[in-house]
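Participant: Got a predicted structure plus its sequence, pasted below:
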Amino acid sequence: MVRYSDELIEEIRNRNDIVDVISGYVALKRSGRSFFGLCPFHNEKSPSFAVSPDKQIFHCFGCGVGGNVFHFVSKIENIGFRDSVEILANRANVALPTTSTSEEEDKLYYMRSRVHEINKIAAMFYHKNLYNPTSKMAQEYVKKRKLDNNTLKTFLIGYSGTFNELYKLLKQEGFKEEEILASGLVNKNQNGEFIDRFRKRLMFPIQDERGRVIAFGGRVLDDSKPKYINSSENIVYSKGRHLYGLYAAKKIPQKKMLIVEGYMDTISLHQRGITNVVASLGTAMTEAQGRLLRKSSEQVIVGYDADGAGQAATIRGLEILQNLGCDVRILQIEGAKDPDEFIIKYGPDRLKKYMDNAISLVEFKIKNLKKDLNLDVANDKIKFLTEIAKELAKVKNSIEKEVYIDKIALDYKISKEAIYAEINKIIYTKNNNNKLLEKKNVVIKPKINDDQEKISDSILKRENLVIYLLINYPDVSYKKLKENIGVEDIKAQKNKQILQKLYEELEKGNSNIVNILDIFQDEDIVNHLSGIMATDFEITEVAKCIDDVISNYEKDKLITKRNDIIKKLEDTNKLTQDEVANLERELSELIIKLARMK
């Protein structure tokens, strides 16, 4: 039987946005950052079925059913996981293997793991080499760009060798030639010699959102060409699926994300305090990159030259972000050609002000339309306002749409009624061209959870919050929570299993646990976990929330200990005088501690 690899499953998931898929079965309406509709799995009059585009999950707060896009298709079509994979692969035009064996799959998986290991070793080799006396040219360049040591280590910046030093190191480490060539870091010439691909270049390791090194960019330090060379796509790297600097940016929860053009732009801004910055690896924006941004922040600010060459491709990329539900803004700076030059000249505070005042995609398009037309000419003005109506028809938020219409009506002396009429005509035409999908109504009865019935709501909520923190803020929560809250402290059996698995995954260094639902086969656990992921715990300060949770658990432990001592002291006949004295002293200390915690 064909076994699908994790990478293939991930590709199918990424190409099937959960909102798009579920919209084929359920009429959804946006409310805040989520979409809501009537649950297809139980009868209800008010929508309690939530779909999160950020987390790519669904959950019904009525019947409790939930999961990811595979779970939804399995449930709605009443089929197994394998069939749901095939349906979604077909929907996204992803070719599925038909003749591979589990042995071949294992071989591919093993090769990927070897290439990941090679990349890790290469990154450390380049990084250490930067500090060698022989790397003076690279050191002078780093000094000229005013990069400090902390930045060099954060981004693992390095310097490559002169001929085949990396190849020799990898051979010493026991890697086979086939594995080394698969990494793309070494080439074999016509004479059969193995030569490092990157030579005499400043090296920029590219990490995925889990922190694994997946590729490299290399910059020359003289006038030779090409100025930059990058890793070719291979079994671990596809440039349209990653963002440079995202791993570093995600270490601090971000509400805004600035996207710039290159490695040095990202690094320079990060060092100067703009840590919410990534680069798009030289590609036009893809859906996969858009989902990474949507998942990582609420607002995406485009900081590269949207007015320059390749503008059409840039705008298509911005529209991809908007269609994914991103709040897209365009940075409009003055007095510098790019954000890197701007921050060096004017400092981070001024750049932050410009970021706060970045214009919307609609405003940017209006600005560009206006630039190429003479609005004193009637035909140009008609064309201008018709194109604006097309853009406003795409705006989903009614308040936002009305604000734009008011402004346009005032600025260009045209009635609001005329603009609304044109917009409604466009929307009506579009809706008539769309086919309505028949909604299936598969009924799933909610299951009573005996385990949770015996536990108070406040304790359950607190346990759920611990899990939520680990999934959404692993970098800042994992160590603190693991040190203070053990699996044995959790009351609900499902939460015990989930926490155990979360701790295991995070212990392995896997901070990308948004797909934690995939690990569990038990439908009840998947439903329960999706409910936690879909809940808004209204966290305003993550660090304080973590400390408060830990404090509550510590308080509970002290109360339990106090009650145990009181119970023992109720029957002093079984205790010696010393034991009584010790217990009374311990009780006094516990009471003082508890009083201080109130």
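Facilitator: Good, I have the coordinates.

Participant: Okay, buried residues for stretch 527-547 please.
Facilitator: 527, 528, 529, 530, 531, 532, 533, 534, 545, 546 (16 or more other C-beta atoms under 10 Å). Glycine gets a C-beta too; all of them are placed from N, C-alpha and C.

Participant: the bottom helix or strand of this protein by mean pLDDT?
Facilitator: helix 450-453 (a mean of 52; mean pLDDT, DSSP states H and E).

Participant: right, and the helix or strand after that one?
Facilitator: helix 457-472 (DSSP states H and E).

Participant: Could you tell me which residues within the next helix or strand along the chain from that following helix count as buried?
Facilitator: Once the chain leaves helix 457-472, the next helix or strand it forms, by DSSP H and E, is helix 474-484. Residues of helix 474-484 classed as buried under the neighbour-count rule (16+ other C-beta under 10 Å) are 474, 476, 477, 478, 481, 482, 484.

Participant: Neighbours of residue 113, how many?
Facilitator: Applying other C-beta atoms under 10 Å, we find 12 residues neighbouring residue 113.

Participant: Just put the buried residues of stretch 527-547 in CSV and tack on distance to residue 109, pLDDT and secondary structure.
Facilitator: Formatted as CSV, the buried residues of stretch 527-547 follow (distance: C-beta to C-beta, whole Å; pLDDT from 0 to 100; DSSP: H, G, I helix; E, B strand; the rest coil):
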residue, distance to residue 109, pLDDT, secondary structure
527, 30, 93, helix
528, 30, 94, helix
529, 26, 93, helix
530, 28, 92, helix
531, 32, 93, helix
532, 30, 93, helix
533, 27, 92, helix
534, 32, 91, helix
545, 38, 94, helix
546, 35, 94, helix
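
Participant: what's near enough to touch residue 529?
Facilitator: Applying C-beta atoms under 8 Å, 6 or more residues apart in numbering to residue 529 gives the contacts 66, 467, 494, 498, 516, 517, 520.

Participant: With neighbour count and distance to residue 112 added, can I get the residues you listed in TSV?
Facilitator: Listed next are the contacts of residue 529 as TSV, based on neighbours: other C-beta atoms under 10 Å; distance: C-beta to C-beta, whole Å:
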residue	neighbour count	distance to residue 112
66	28	31
467	21	29
494	22	32
498	26	27
516	20	21
517	22	22
520	18	24
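
Participant: Out of these, which is nearest to residue 292?
Facilitator: Residue 292 has its nearest neighbour among the contacts of residue 529 in residue 516, at 17.4 Å by C-beta to C-beta.

Participant: about what we covered before: next, check the contacts of residue 529 against the helices and list the overlap.
Facilitator: Among the contacts of residue 529, DSSP state H puts 467, 494, 498 in helices.

Participant: sorry, back to before: and the buried residues of helix 474-484, which two are the farthest apart?
Facilitator: The distance between the two most remote of the buried residues of helix 474-484 (C-beta to C-beta) is 15.6 Å, for 474 and 484.

Participant: My read is that residue 236 contacts residue 112, right?
Facilitator: Yes: using C-beta atoms under 8 Å, residue 236 is in contact with residue 112, at 5.6 Å.

Participant: Show me what residue 35 bridges to in the sheet.
Facilitator: Beta-bridge pairing for residue 35 (DSSP bridges): residue 30, residue 51.
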